[in-house]
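**Q** Generate a structure from the sequence data that follows.
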Amino acid sequence: MEIRQRTIRRNFKKVITSRVAIPYTMQHRMKKYYLQGKEISEKQAKAIEAKNQKYISSNDFTLWAKCQFVTVVTK
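**A** Next comes the predicted model:
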């Protein structure tokens, strides 16, 4: 997480400075995840990647065929 300072002006007299934590995913780059041309959430993409790792670690080729490909677009 990144911490940025934000200045708040109230009644044009007082100036209050506070620190605001910004999640890493919102700092500089936004990522979009796609599965078969449809946009999916980051949680869904990570779950699919976990399943893929499980399938790939097995010796059964029929499980390898179940792997799904997630496309990640970074802006």
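
**Q** which ones are touching residue 58?
**A** Contacts were defined as CB atoms under 8 Å, 6 or more residues apart in numbering; by that measure residue 58 touches residue 64. In this view, the C-beta of every residue, glycine as well, is placed from N, C-alpha and C.

**Q** Helix or strand: which one has residue 34?
**A** strand 31-35 (DSSP states H and E).

**Q** could you give the mean pLDDT of the helix or strand following that strand?
**A** Toward the C-terminal end, the helix or strand that comes next after strand 31-35 (DSSP H and E) is strand 38-40. Looking at strand 38-40 alone, the average pLDDT works out to 94.

**Q** how about whichever helix or strand comes after strand 38-40: buried residues?
**A** If you walk from strand 38-40 toward the C-terminus, the next helix or strand you reach (DSSP H and E) is helix 42-57. Residues of helix 42-57 classed as buried by neighbour count (16 or more other CB atoms under 10 Å): 45, 48, 52, 55.

**Q** re the thing from before, in terms of secondary structure, what does the strand holding residue 34 contact?
**A** strand 38-40, helix 42-57, strand 70-74 (3 or more CB pairs under 8 Å, 6 or more residues apart in numbering; DSSP states H and E).
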